[in-house]
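> got a predicted structure here, sequence first:
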Amino acid sequence: MEEIRRVIAPYERILLLGCGTCMTVCGAGGEHEVSFLHSALRVAQARSSDGIHSFLEYTVKRQCDFEFLDLLVDKVNEADAILSLGCGIGVQVLAERFPDVPVLPGVNTSFMGMTKEWGVWDERCAACGDCRLAETAGICPITRCTKGILNGPCAGTKNGKCEANKDMDCAWVLIYKRLEKLQQLEKMRRYYPPRNFRVIPRPRRIVIKADVEQGEDNG
Amino acid sequence: MNVGNKSYSESRLERSPDHSLMPPCQFACPLHMEIGAYVDLVAQGKIMEALQVIRDGNPFPSICAYVCTHPCEDACRRGQVDKPIAIRALKRFAVEFGGDRMIGAEAETKHEEKVAIVGSGPAGLACAYYLRKLGYPVTIFEAYTKLGGMLRVGIPQYRLPREVVDTEVQRLVNMGVEIKANTRIISLDLLFDIGYKAVFITVGAHQSLRMGIDGEESPGVIDGATFLREVNLGLKPSLGEEVAVVGGGNVAMDAARAAVRLDAKKVSILYRRTRQEMPADPREIEQALEEGIDIVYLVAPTRIKRENGRLNVTCVRMELGEPDGSGRQRPIPIKDSEFSEEFDTLIAAIGQAPRTPSDFGVRLGRGSTIQVDPITLTTNRAGVFAGGDAVTGPATVTQALASGRQAAFRIDDYLQHTYPLVNKEAEKTLSGELLPKTVEMIKKIERVEPPSLALEARAKDFGTVELVYGWEEAINEARRCLRCGMGAEILFQDKCATCLTCLRICPYHVPYLDKGGTIQIPPDQCQACGICVAECPAKAIVLRKPYDRRHVDEELEHALKSAAESKSKPLIIGFCCQYGLFGTGALASLWRESKAGIWIVPVLCVAKLEEGHILRAFEMGGEGVFIAGCGEQCSRENTAFWVLQRVEKVRRALFQIGLEPERLQTFNLRASEGDAAEALDNFIGLIGRLCLASVIKQEVRS
């Protein structure tokens, strides 16, 4: 909150922009959270003398597509800055679509995860581009093991829990138990060489579009 | 939700929730009264508003409050959980405490066409009421000296005090209805000759059916309708000591209970089937039994002989055979089971039929009832309409009122040469059973029965047996309502991200994921607690009616506006449960007495309160905010849990803003929190200290 107030301080008219897809599902940046942030910012403003802002809130279906953002042109024209409650992707797509308007992040996008139960989310994927789930019985050691080791468990496992946090399951014990159930324990005996730790050249891009020449004669 | 939320309010203008779902109680009511709405208003202690809703749907609520057979209660889905809501008793409470007697009725004449109403029973009175409201000159013709039909001569006084009928008749007179009592209409031609343009026949069903047995004509044998008429007109028929009543309907119960009040020593009811098949209202049967009436089942009289001034009645025992046309098992006499008993009087109450003068020239159907078109209520004669018991055979007061109302509007159509819109829009009924998983989660709350007159006091006179609820009893009973059809609806399907929050948090396990992967909130299961409405991350859900989040917004803005004009410091906003005792102001008045500037925002269950509302109170200068739920009285599940969740979230935000989280408190959400008044005093003290501290801090800084 303090961070948000600091980043918006220079601007007067601020568009609080939510995202109606993933950010809504994870309860971080849907219309409800936009409204909550809006209310909280207004309280902060009413209670202190620093900065006078006017806020407009809106939630767009998805911030990561230009086509949805095109619908916002009028609202963005009215704003001195956009505070995005989208993920890091949303912030950047907004910045690309609206080159003249400062775009500020309203959330710290943390991880890709799942809803464990209402109000509890767990990380599940690191988007490492080197998926090992076939060998690890569908349980990712990169995200779910504190050390992210490929040949576990380490000596820090105790009663199925991790030494770093005794409330946290040891990923490798989970993997072992599940492989046992699937009668694939031989996968535990194999040695997995270290991952490719070379710096992945970024930004990554996936192209599924084939390089076909476009033209009138190609029919 | 608050002022700046454009995306919500924009979509809001385009769509509104589906209001067409009729709850089962409303559908079962012949008048389709908005029962859910007035029960909810009673639960909030808003008796005047409840009465207004009742009056909108019923011309004579005070009469129904006494005698309605409440088909609504039979349809009430609370019956699947424990027992139905005592709807009629709640109506009686609203009528008595809301001051129905004081309400006047006005009408001005807008049309020239005069309408004659033949008969002044509930159908005739209702028809007169609505025709008068529509602006027609109306005359009621009544054969007896006083108006009311069966309300006057059929229903005993202990069930319907005569002042109630008098009040309603007087209201009609005040509205300008012309009354011609002691006037029996023999022919309709004369009415048309003297200028009436339409006639509504509602002569009731006063003719008792005959038993068709030997000795029926003997002195000492009287029919139920005649007996009740004599009693109700103030005659005291002499009955002797032992009285038998034949029949199992409400008239039989009324006759037997009237006999008890006329000093008969022993009253027996002879009924040819069993209690299960008895058409009388179960509560009437119970009260009859309470009053010492002996009900003999599976017995029918076959012969009556008058000997030595008494009646020797031969009866035969019955057994139940195959179901008959009415769906009930047909009673069959058991061979050689005859027996005799002696009585002083025998009252035959086995049914009644209309007796419409043949000179009326209207076509009659089965059981001498008048044949009408069920939608227009027209008879075979132009300009002649008919309704009430004369058309249906003996039925209920509420059915008669509905028939009278229908007749008024169809007569209006006829006189204005418009055609009724048939089936203009079939109302959707919310039906279906509650699922076991839902029923399981609904809190069981015992039905509060209205008090009855003490047994000793009853037999002595014709005083009203059923008494009216006290304030607290009525509110507690009304709070049991499950609010069928008022539940949550995903209004903005396009906003719904199918995050499954509603499915995960619903205390009643109502939302589900359909096979296509869309979330559904079945309206017939939803309990309208509002938790998913407040928690939906996409704000896609609203409550169907009538109290969605706008209600809290409006109340809050109203309080803030008033607070801005007040000088009392520090300003404290309290969100308080509007239901139950909070609604009646018991605790609210306590808070009004305290020193600080406390403003109460009534909330229809604190579970509907959102974080935004709380923050808004701080934004508008609230130094402290408290939330007071109704604690143990709450008829809902998980209320406290969700309030505390939201409170924690707001407290975190307050802390980040630089306000002390203690400025937000909850009272009485759990029993363990103790005395609310003391907690509030402490809270006021705390807020005072925090305000002082912040002033000092600012001084130091500057």
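That came through fine. Because the structure is predicted, anything quoted here is derived from the model rather than measured. Numbers count the residues shown, from 1 in each chain, chains lettered A, B, ... in the order given.

> from here on, just use CA atoms for contacts and neighbour counts.
Fine.

> which residue does the stretch 551-700 of chain B have closest to chain A?
B:E619 (4.2 Å; Cα to the nearest Cα).

> tell me, how many residues neighbour that residue?
The local packing of B:E619 (other Cα atoms under 10 Å in any protein chain shown) involves 19 other residues.

> for it, which non-adjacent residue is spatially closest?
A:V43 (4.2 Å; Cα to Cα, 6 or more residues apart in numbering or on different chains).

> name the residues of the helix ranked longest in chain B that are buried.
The helix that spans the most residues within chain B, counting by DSSP state H, is helix B:676-701. Neighbour-count burial for helix B:676-701 flags B:676, B:679-680, B:683-684, B:687-688, B:690-691 (criterion: 16 or more other Cα atoms under 10 Å in any protein chain shown).

> which parts of chain A sit against chain B?
A:1-2, A:20-22, A:24-27, A:30-33, A:35-36, A:39-40, A:42-44, A:46-47, A:55-59, A:61, A:117-118 (Cα under 8 Å from any Cα of the partner chain).

> ok, now which ones touch the residue of the stretch 551-700 of chain B closest to chain A?
By Cα atoms under 8 Å, 6 or more residues apart in numbering or on different chains, the residues touching B:E619 are A:39, A:42-44, A:46-47.

> restricted to strands, list these.
The members of the contacts of B:E619 all map outside strands under DSSP state E.

> in those, which residue is surrounded by the most others?
Result: A:S39 is most packed of the contacts of B:E619 (other Cα under 10 Å), 28 neighbours.

> helices and strands around the lengthiest strand in chain B, which ones?
Counting residues, the longest strand found in chain B (DSSP E) is strand B:310-323. If contacts are counted by 3 or more Cα pairs under 8 Å, 6 or more residues apart in numbering or on different chains; DSSP states H and E, strand B:310-323 sits against strand B:299-307, strand B:329-333, strand B:339-343, strand B:345-348.

> let me know which of these is tucked in deepest.
With neighbours taken as mean count of other Cα atoms under 10 Å in any protein chain shown, these reach their highest mean count in strand B:345-348, at a mean of 26.

> run through who's touching that one.
Contacts for strand B:345-348 (Cα under 8 Å, 6+ apart): B:210-211, B:220-224, B:227, B:239-240, B:242-247, B:252, B:255, B:310-311.

> my guess is B:R636 contacts B:I445. True?
No. Look at B:R636 against B:I445 with Cα atoms under 8 Å: they stay out of range, at 10.6 Å.

> so where's the stretch 551-700 of chain B uncertain?
Judged by pLDDT under 70, the stretch 551-700 of chain B has its weakly predicted residues at B:580-596, B:668-677.

> alongside chain A, which residues does it contribute?
B:611-612, B:615-616, B:618-621, B:653-654, B:656-657.

> in ChimeraX, select just the buried ones from those residues.
A single ChimeraX command selects the buried members of those (16+ other Cα under 10 Å):
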select /B:611,612,615,616,618,619,620,621,653,654,656,657
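
> burial of B:R171, as a residue count?
Neighbour number of B:R171 under other Cα under 10 Å is 20.

> quick one: contacts for it?
Taking Cα under 8 Å, 6+ apart as the test, what B:R171 contacts is B:104-105.

> can I assume it sits in a helix?
Yes. B:R171 sits within a helix when classified using DSSP: H, G, I helix; E, B strand; the rest coil.

> so B:R101 sits in a helix?
Yes. Counting by three-state DSSP, one finds B:R101 located in a helix.

> just to revisit the earlier point, looking at the contacts of strand B:345-348, which are in helices?
B:224, B:227, B:252, B:255.

> of those, list those near chain A.
Counting by Cα under 8 Å from any Cα, no member of the ones in helices among the contacts of strand B:345-348 reaches chain A.

> can you redo those residues as TSV with neighbour count?
Converted to TSV, the ones in helices among the contacts of strand B:345-348 look like this (neighbours: other Cα atoms under 10 Å in any protein chain shown):
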residue	neighbour count
B:G224	30
B:F227	23
B:A252	28
B:A255	30
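
> partner strands of whatever helix or strand B:S268 lives in and their direction?
Using DSSP states H and E, B:S268 sits within strand B:266-270. Each strand that pairs with strand B:266-270, with its direction, by DSSP bridges: strand B:242-246 (parallel), strand B:294-296 (parallel).

> for the stretch 301-450 of chain B, give the residue positioned nearest to chain A.
B:M441 (18.8 Å).

> I'd assumed B:Y508 was in contact with that residue.
Yes. In terms of Cα under 8 Å, B:M441 counts as a neighbour of B:Y508; the distance is 5.5 Å.

> neighbour count winner among the two?
A direct count of neighbours by other Cα under 10 Å for B:M441 and B:Y508 places B:Y508 higher, at 20 against 14.

> chain neighbours aside, what residue packs nearest to that one?
B:T438 (5.0 Å).

> nearest to B:K197, of the helices and strands packed on strand B:310-323?
strand B:345-348 (40.3 Å; Cα to Cα).

> thinking again about what came up before, now render the contacts of B:E619 as a markdown table, adding pLDDT and distance to B:A28.
Output for the contacts of B:E619, formatted as a markdown table (pLDDT from 0 to 100; distance: Cα to Cα, whole Å):
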| residue | pLDDT | distance to B:A28 |
| --- | --- | --- |
| A:S39 | 94 | 45 |
| A:R42 | 92 | 49 |
| A:V43 | 92 | 50 |
| A:A44 | 92 | 53 |
| A:A46 | 88 | 53 |
| A:R47 | 84 | 55 |
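
> which among the residues you listed gets closest to B:W471?
A:S39 (39.3 Å).

> quick one: contacts for that closest one?
Taking Cα under 8 Å, 6+ apart, one finds B:2, B:612, B:615-616, B:619 in contact with A:S39.

> please redo it, this time with the cut-off set to 6 Å
Residues near A:S39 by Cα atoms under 6 Å, 6 or more residues apart in numbering or on different chains: B:612, B:615.

> what about it, distance to B:F626?
Using Cα to Cα, to the nearest Å, we find A:S39 at a distance of 18 Å from B:F626.

> could you identify the most distant pair in the ones in helices among the contacts of strand B:345-348?
Taking Cα to Cα, no two of those sit farther apart than B:F227 and B:A252, at 10.6 Å.

> need the contact list for B:A402.
Contacts of B:A402 (Cα under 6 Å, 6+ apart): B:30-31.

> what helix or strand is it located in?
helix B:397-415.

> so which strand or helix has B:I573?
strand B:571-577.

> what angle do that strand and helix B:676-701 make?
150 degrees (axes from the mean of the first three to the mean of the last three Cα atoms, to 10 degrees).

> by mean pLDDT, show me the worst of the helices and strands packed on strand B:310-323.
Per-segment mean pLDDT for the helices and strands packed on strand B:310-323 reaches its minimum on strand B:329-333, at a mean of 89.

> now that one and strand B:299-307, what's the angle there?
40 degrees.

> sheet partners, orientation included, of strand B:329-333?
Assessed with DSSP bridges, strand B:329-333 is paired to strand B:310-323 (antiparallel).
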